[in-house]
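>>> Provide a 3D model corresponding to the input given below.
(chains A, B, C and D)
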Protein chains: 2
Amino acid sequence: MQLDTILQGDCVKILKSLPDKSIDLIFADPPYFMQTEGELLRVSGEKFSGVSDKWDKFESLKHYDEFCKAWLTECQRVLKDCGSIWVIGSFQNIFRLGYIMQDLGFWIINDVIWAKPNPVPNFKGTRFCNAHETLIWCAKNKNSKYTFNYKTMKFLNNDKQERSVWNIGICIGNERLKDESGKKVHSTQKPEALLEKVILSSTKTGDIVLDPFFGTGTSGAVAKKFGRHFIGIEQNESYIKSAKRRISQINVVQNDISNGNLESKPPRVSLSELQRAGLLESKQKLYDKHKNFICTLADNDKVTDGQDELSIHKMAAKHLNKSNHNGWSYFFIQKDKTLISLDSLRYKYRDSL
Amino acid sequence: MQLDTILQGDCVKILKSLPDKSIDLIFADPPYFMQTEGELLRVSGEKFSGVSDKWDKFESLKHYDEFCKAWLTECQRVLKDCGSIWVIGSFQNIFRLGYIMQDLGFWIINDVIWAKPNPVPNFKGTRFCNAHETLIWCAKNKNSKYTFNYKTMKFLNNDKQERSVWNIGICIGNERLKDESGKKVHSTQKPEALLEKVILSSTKTGDIVLDPFFGTGTSGAVAKKFGRHFIGIEQNESYIKSAKRRISQINVVQNDISNGNLESKPPRVSLSELQRAGLLESKQKLYDKHKNFICTLADNDKVTDGQDELSIHKMAAKHLNKSNHNGWSYFFIQKDKTLISLDSLRYKYRDSL
DNA sequence: CATTGATATGAATCCTACG
DNA sequence: ACGTAGGATTCATATCAAT
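This next block holds a predicted model:
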């Protein structure tokens, strides 16, 4: 399977040619089912060129359902067991997509709202200005594992956990691809900022990102930027030409964020290791933060309060009357009458490795 | 049909007892069918009490679909031709609802995102914090008219057109209904601010609002507040008791916003009316803002430029080479060498009525 | 009474490595 | 594959106690 390439042709046909369980992430921006009839005019009277490309006409809901069932079925097949899929749509088609995906056994992890601070206004005052699109993020099935770079996303969000509503401007300015005559190449080019969140949150370095509706290749450009591989599927030759030129100009970035370094988990440390390293004594007395004596170190990485021999976590939970608690942060030793948390001893030990 | 009442019993059965085309607005907050397993612990180690109610249990997605098809079918039947329906859900169920509604022929006007500034965080760091719910707003069918108080919503949004993403906090504090022991009465009580937007945007004074999943009656409380009628359907007796007490304490507000006064449209004025009132002369010469002579008043509320006899709007568009333009603001007459717009003449005429 | 800090809680498909 | 146990994980707001 060739990587970092655009395959030209019918989406479903090409999907069928890809091997089982070969893809880490799929991003799909399928044609919308926009049932606009007649011309939509700006208040000033100029024609508004919305979505009117040939590929956007489908005869009926059912026809659209069949089409989506076909490509989504193939997507599920080519996805690795640990892979996941993002699909983006608007109210015209997103309920078709979500319903079909659930029926196929995809397991929804999140639906994410792309909220646009600068949407196209509703010219006629006939409804609320449609200022968002919806993404559905699914694991291959209910029990499959998936990549989620939680800490990376938290770091990128001012150290608060990232939420399901993303404020991102629509694709305009230099980022928007134009042809020689200044006309936009693609009617629904997605902003790279959107794809950055998608790819950084749900892939690892070197992963393969498949986009069955490649268009002008935003997903490919962002994949390359962050050191992921991409495979695009697209019928339209002029889109492919634009995408190739665009992707060739991308510079790869290498940093803690794109490399997933923020996700690395420190090695596990046991109480007996700390004891062997001289950081804990045999039968070490353990206190809570108020200097109340709670328990003493026992063998087998456990502690005892005279009644029970438990892990530090279970012991902390017992004394808090809770179901669970982190013992590393709950317990302290006393040295020269000052408290030192087990957690800080653990950090010290890790640093010494 | 009795108004401002809560009907106790099975949702579908009671819906079937309501007459055809009798309801102006439906607000439906059905069970979400959250498929949770086991218990979820907070970071602090305590149990999180989410939705564990019996009413949210279904055997399977298929059973859930059947249930929704049943109540949505009845909703469509009882809705007036000019009525509309709001449905709220989360990713667990909203795609089922939207799909079924489209299949039933409901016509989606908007999907609206209720974005929560204060959602329950994701305790385990396993996905994006789910910080929104989705509302689907539908007309009865593709060609039916519906009420949308555009100007009211614009006024309430700092004079900018209201969008499809609403930032509203979850229902907490004094607004949240509690029982004698301080426990929340309903696990999913909606904030009144949400219902205020729903009802103010899509109903008129005196309209009938039906809520097939009344719960503790947020929709009824807001309907009463703004001078609308309500009909609630609810099985749970303790919810009904709370709702009744709550609604009895509501004070009705009467103002330009709730009465829809902002929506009133000025009467149409024709060119011949202006002529009869003496504001325009026969064969009045019309100029653009640069004092270029464009056309003269003809009969039948039209104007002629020597070639075509058109409405003022089509004539303005012709001279601007556009598809459409507002002629009232484009054309002027000259009086004592100063320009007077047709629009100002129209305002003058309206004032004289 | 004002301010500060601790605690409670809200529609949730909420762990994972190791044996 | 499955069970077990280690141990990592939270944001905004309301309320109430303490200063």
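>>> can you pull the contacts of the residue lying closest to residue A:76 once chain neighbours are set aside?
If you skip the residues right next to it in sequence, residue A:76 has residue A:104 as its closest partner in space, 5.8 Å away by CB to CB, 6 or more residues apart in numbering or on different chains. Backbone N, C-alpha and C define where each C-beta goes, glycine included. Listed by CB atoms under 8 Å, 6 or more residues apart in numbering or on different chains, the contact set of residue A:104 reads A:69, A:72-73, A:76.
>>> Which residues does stretch A:7-20 contact?
By CB under 8 Å, 6+ apart, the residues outside stretch A:7-20 that reach it are A:1, A:67, A:70-71, A:74-75, A:77-78, A:210, A:212-213, A:231-235, A:237, A:240.
>>> and these, which are buried?
Among these, those buried by neighbour count (16 or more other CB atoms under 10 Å in any protein chain shown) are A:67, A:71, A:74-75, A:77-78, A:210, A:212-213, A:231-234, A:240.
>>> Hmm, which of the residues you listed is lowest in pLDDT?
Lowest in pLDDT among these is residue A:67, which has 93.
>>> quick check, that residue in a helix?
Yes - inclusion of residue A:67 in a helix is indicated when DSSP: H, G, I helix; E, B strand; the rest coil is applied.
>>> what's the burial count for residue A:105?
Using other CB atoms under 10 Å in any protein chain shown, residue A:105 is surrounded by 13 other residues.
>>> I'd say it and residue A:139 touch.
No - counting by CB atoms under 8 Å, residue A:105 sits too far from residue A:139 to count as a contact (10.0 Å).
>>> before we move on, the earlier item: just the ones in helices from the contacts of stretch A:7-20, please.
With helices identified by DSSP state H, the entries of these that belong to them are A:67, A:70-71, A:74-75, A:77-78, A:237, A:240.
>>> what secondary structure does the residue in the stretch 1-150 of chain A that DNA strand C sits nearest to sit in?
Distances from the stretch 1-150 of chain A to DNA strand C, computed as CB to the nearest atom of the strand, single out residue A:108 as the nearest residue at 3.6 Å. Using three-state DSSP, the structure places residue A:108 in strand.
>>> residue contacts, it?
With contacts defined as CB under 8 Å, 6+ apart, residue A:108 is in contact with A:98, A:101-102, A:136-138, B:91-92.
>>> Counting neighbours, which of those comes out on top?
Per-residue neighbour counts (other CB under 10 Å) across the contacts of residue A:108 peak at residue A:138, which has 29 neighbours.
>>> do you know how far the nearest residue to that one once chain neighbours are set aside is from residue A:72?
In space, not counting the residues next to it along the chain, residue A:138 is nearest to residue A:106; the distance is 3.9 Å by CB to CB, 6+ apart. Per CB to CB, to the nearest Å, residue A:106 is found 8 Å from residue A:72.
>>> do the same with residue A:153
When CB to CB is the yardstick, residue A:153 and residue A:72 sit 26 Å from each other.
>>> neighbour count winner among the two?
Neighbour comparison, residue A:153 and residue A:72: the larger count goes to residue A:72, with 25 against 21 (by other CB under 10 Å).
>>> Could you report the neighbour count for the nearest residue to residue A:152 once chain neighbours are set aside?
On the basis of CB to CB, 6+ apart, the spatially nearest residue to residue A:152 that is not a chain neighbour turns out to be residue A:262, at 4.8 Å. The local packing count at residue A:262 equals 15, with neighbours defined by other CB under 10 Å.
>>> Over to the closest residue to residue A:73 other than its chain neighbours: give its phi and psi.
Among residues not flanking residue A:73 along the chain, residue A:104 sits closest, at 6.4 Å (CB to CB, 6+ apart). Recorded main-chain torsions at residue A:104 are phi -80, psi -10, according to degrees, to the nearest 10.
>>> quick one: pLDDT of residue A:104?
97.
>>> For the residue nearest to residue A:297 when sequence neighbours are not counted, give its distance to chain B.
In space, not counting the residues next to it along the chain, residue A:297 is nearest to residue A:284; the distance is 4.2 Å by CB to CB, 6+ apart. Residue A:284 sits 24 Å away from chain B, going by CB to the nearest CB, to the nearest Å.
>>> if I pick residue A:284, what's in contact with it?
Residue A:284 sits next to A:275, A:296-297, A:333 when contact means CB under 8 Å, 6+ apart.
>>> What segments of the stretch 251-353 of chain A are strands?
Using DSSP state E, counting those that start in this stretch, the strands assigned to the stretch 251-353 of chain A run over residues A:285-287, A:293-297, A:303-304, A:309-310, A:332-335, A:338-341.
>>> Quick one: closest of these to residue A:200.
For those, the distance to residue A:200 is smallest for strand A:338-341, at 32.7 Å, taking CB to CB.
>>> name the helices or strands packed onto that closest one?
Contacts of strand A:338-341 with other secondary structure elements, assessed using 3 or more CB pairs under 8 Å, 6 or more residues apart in numbering or on different chains; DSSP states H and E, are made with strand A:332-335.
>>> So for the strand it packs on, mean pLDDT?
Model confidence over strand A:332-335, given as mean pLDDT, is 89.
>>> Pull the residues that contact it.
Contact with strand A:332-335 is made by A:280, A:284-289, A:291, A:339-342, A:345, as judged by CB under 8 Å, 6+ apart.
>>> near DNA strand D at all, stretch A:16-26?
No - contact between stretch A:16-26 and DNA strand D is absent, the nearest approach being 13.8 Å (criterion: CB under 7 Å from any atom of the strand).
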